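In: mind folding the following:
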Amino acid sequence: MSNNTKQLEAFIIWSDEVETRLDPFFYRPVFKKLVASINDTKHKAQSLGDIVEFSIAGDWGEDPDTFEPTTDYRLCYVLRNTNFDNKYNLNFDDVAQRYIKNSKVEKLALQKGDILIEKSGGSPVQPVGRVAFVEELPFDKPVVFSNFLQKIRIADNSYLPEYIFTFLQAIYHLGYTEFLQNQTTGIKNLRLDDFFKIKVTKLPIEKQKEIVSFSFDARQTAKKKEDEAKQTLTSFDSFMSAKLGVDTPSMEQRKYYEIWSNEIVGRIDPFFYLPYFRKLQEAIQSKNNMPLGEIVDFSNETWDQNSNFTDNFPYIEISEIDLETGDIYEITEVPIATAPSRARMIVKQNDIIVSTTRPNRGAIAKINEKQDGNIASTGFIVLRNMRTDKVSKDFLFVMLRSTLSLKQMEQRATGGNYPAITADDLRQIRIIVPSREKQEQIVSGVQASHSKIRTLREDATRVLEEAQKQVEQMILA
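Out: Sure, this is the predicted structure:
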């Protein structure tokens, strides 16, 4: 079942159909049809609120860097919206630590089998209302959750918690929660009263186990493929270092170091002079190398609304670049009449576009034939014509996305919360230039790795999508 909530339409409702809400969005025919499809079951169904033991909001707590703790507080791990993995469940790669009042820790502490609901957050393309299931807690301190989340625990033993999670996840993917949200000051909020009215199909326990087993196994299969893709990706820098004969230094955390006055080169911020960056430059300059400004021209071809396009134009945003492979996910068609002010640069086939605002995260892409003539946002620097035959364009693209180059960009970035790199600073980063034969070997190896990564991710997506459709049929049949 698909749900197009963007389609413009006119419809009528009768006064006796009006419930507690007056917003038209809630009464759209597509939502009524969705609700009917979920509720139209030969099985018994209960509202979510009737089968929940208790529900409690989270707490963000106090910042360990600025808060002076007392015996009334305890350091805990705190799960946030960012720990929700849209594909697999919870991601524990970056879990915050905060001080929480002892009086709250016992109530907030998560247990296996708990379900977390995203009650605030979302984005323009992602409705609020995602759910996560606590399968494991691999931590040495209590794990709680932020004030943007809500914890529920299932009381009715005729429902498996894993089944409730699978059910809520299924209707989220159908678009159900998009009708249960409102928005204030840019943040979407889930209407919990409406959420707890969701009717959950009461299937026999054996059927619930079958659905849960199928769903969890599919997710595990897809996750293994994704992990294999990540493992392939982590070998990228080792492959590059071995081929170039360069030992990339480890990022040591030294708080104290010294530099001499004759080593200062215009910058006075301590970060620029970290010993790591000095070692990195020494490693690069021990090999044949060139500054980027001598390798390629920087394009300044801008676009104006009076040229090239009639009604719409294809627009590339930084957020559409895969930070791991450099692929561009999607290009949006934007009406010229409402063109974003940041739509500026014309890109051409074989151009390399480099993000100016996230250089340390690898938002770098190479324009292909289909993307020729598109418009990129002002957040990019465009690299176009090669100035030397010593470096191939494909090799330059690979090198720019390597740690050897990304760390140089990170070093030269300036700014506070949103560091950026200027074209002049980008021109100064140094690129190792091996023989053309070695360049071809490196490019071939990287392209093979990226092809494997794409295949694994496509397989993982296919497994999840097919499982999602099957679960919908099993639950809503």
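
In: is it true that Glu263 touches Tyr273?
Out: Yes - with contact defined as CB atoms under 8 Å, Glu263 reaches Tyr273; the gap is 7.3 Å. In short, each C-beta sits where N, CA and C put it, glycine included.

In: what about those two, which has more around it?
Out: More neighbours surround Tyr273 than the other of Glu263 and Tyr273, with 18 against 9 (other CB atoms under 10 Å).

In: excluding chain neighbours, what is closest to the more buried one?
Out: Nearest residue to Tyr273, sequence neighbours excluded (CB to CB, 6 or more residues apart in numbering): Ile259, at 5.0 Å.

In: so how far is Ser286 from that neighbour?
Out: Taking CB to CB, to the nearest Å as the criterion, Ile259 is separated from Ser286 by 20 Å.

In: again, but for Ser377
Out: 37 Å.

In: could you do Thr414 as well?
Out: For Thr414 relative to Ser286 (CB to CB), the value is 27 Å.

In: Leu383 now?
Out: Leu383 sits 25 Å away from Ser286, going by CB to CB.

In: which of the two has more residues huddled nearby?
Out: Higher neighbour count among Leu383 and Ser286: Leu383, with 25 against 12, using other CB under 10 Å.

In: so which strand or helix has the more buried one?
Out: Per DSSP states H and E, Leu383 falls inside strand 380-386.

In: tell me which residues are up against whichever helix or strand comes after that strand.
Out: Moving toward the C-terminus from strand 380-386, the next helix or strand (DSSP H and E) is helix 393-400. Residues outside helix 393-400 that contact it (CB atoms under 8 Å, 6 or more residues apart in numbering) are 240, 295-296, 326, 350, 352, 354, 364, 366, 383, 386, 405-406, 431-432, 439-440, 442-443, 446.

In: which of those residues fall in helices?
Out: Here DSSP state H is the test, and the contacts of helix 393-400 give Met240, Ile295, Ser405, Leu406, Gln439, Glu440, Ile442, Val443, Val446 as lying in helices.

In: skipping its backbone neighbours, what lies nearest the first one in space?
Out: Okay, so that is Met240. Counting by CB to CB, 6+ apart, the residue nearest Met240 is Ser402, at 5.0 Å.

In: wait, that neighbour sits on Phe236?
Out: Yes - when contacts are counted by CB under 8 Å, Ser402 is listed as touching Phe236 (7.4 Å).

In: for this structure, where's the lowest mean pLDDT among helices and strands?
Out: Within the chain, no helix or strand scores below helix 29-39, which has a mean of 66 by mean pLDDT, DSSP states H and E.

In: partner strands of the helix or strand following that one, with direction?
Out: Toward the C-terminus, helix 29-39 is succeeded by strand 44-47 as the next helix or strand (DSSP H and E). Partners of strand 44-47 in the sheet, by DSSP bridges, are strand 199-202 (antiparallel).

In: any regions of this protein where pLDDT drops low?
Out: 1-9, 11, 14-41, 124-125, 183-186, 253-255, 305-308, 358-362, 417, 477 (pLDDT under 70).

In: now do the same for the residue nearest to Tyr273: helix, strand or coil?
Out: Put simply, Ile259 is coil when judged by DSSP: H, G, I helix; E, B strand; the rest coil.

In: just the helices in the protein please.
Out: Listed in chain order, the helices of the chain (DSSP H) span residues 29-39, 48-51, 102-108, 161-173, 192-195, 205-244, 275-285, 292-295, 393-400, 403-412, 423-428, 436-476.

In: mind putting these in JSON lines, mean neighbour count and distance to Val95 included?
Out: Below are the helices of the chain laid out as JSON lines (neighbours: other CB atoms under 10 Å; distance: least, CB to CB, whole Å):
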{"stretch": "helix 29-39", "mean neighbour count": "15", "distance to Val95": "33"}
{"stretch": "helix 48-51", "mean neighbour count": "17", "distance to Val95": "27"}
{"stretch": "helix 102-108", "mean neighbour count": "14", "distance to Val95": "14"}
{"stretch": "helix 161-173", "mean neighbour count": "22", "distance to Val95": "20"}
{"stretch": "helix 192-195", "mean neighbour count": "16", "distance to Val95": "25"}
{"stretch": "helix 205-244", "mean neighbour count": "16", "distance to Val95": "18"}
{"stretch": "helix 275-285", "mean neighbour count": "16", "distance to Val95": "25"}
{"stretch": "helix 292-295", "mean neighbour count": "18", "distance to Val95": "37"}
{"stretch": "helix 393-400", "mean neighbour count": "21", "distance to Val95": "32"}
{"stretch": "helix 403-412", "mean neighbour count": "21", "distance to Val95": "24"}
{"stretch": "helix 423-428", "mean neighbour count": "16", "distance to Val95": "34"}
{"stretch": "helix 436-476", "mean neighbour count": "16", "distance to Val95": "23"}
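
In: indicate which one of these is closest to Asp59.
Out: Nearest of those to Asp59, taken as CB to CB: helix 102-108 at 5.6 Å.

In: what's in contact with that closest one?
Out: Outside of helix 102-108, the residues within contact range by CB under 8 Å, 6+ apart are 56, 58-59, 71-74, 76, 100, 142, 144-145, 151.

In: please redo it, this time with the cut-off set to 6 Å
Out: Ile56, Asp59, Asp72, Arg74, Pro142, Val144 (CB atoms under 6 Å, 6 or more residues apart in numbering).

In: out of those, who has the most neighbours?
Out: Counting neighbours by other CB under 10 Å, Val144 leads these with 25 neighbours.

In: that one touches Tyr77, doesn't it?
Out: No - Val144 lies out of contact with Tyr77 (CB atoms under 6 Å); the separation is 7.3 Å.

In: what about the nearest residue to Gly326 once chain neighbours are set aside, distance to Ala96?
Out: Distances taken as CB to CB, 6+ apart put Ala365 closest to Gly326, at 5.0 Å, once the chain neighbours are dropped. Ala365 is 31 Å from Ala96, where distance means CB to CB.

In: do Trp260 as well
Out: From Trp260 to Ala96 the distance is 39 Å (CB to CB).

In: so the two - more neighbours on which side?
Out: Taking neighbours as other CB under 10 Å, Trp260 and Ala96 compare with Ala96 leading, 16 against 6.

In: who are the contact partners of that one?
Out: By CB under 6 Å, 6+ apart, the residues touching Ala96 are Val78.

In: 10 Å instead, please
Out: Trp60, Gly61, Asp63, Pro64, Cys76, Tyr77, Val78, Leu79, Arg80, Thr82, Asn83, Ser146 (CB atoms under 10 Å, 6 or more residues apart in numbering).
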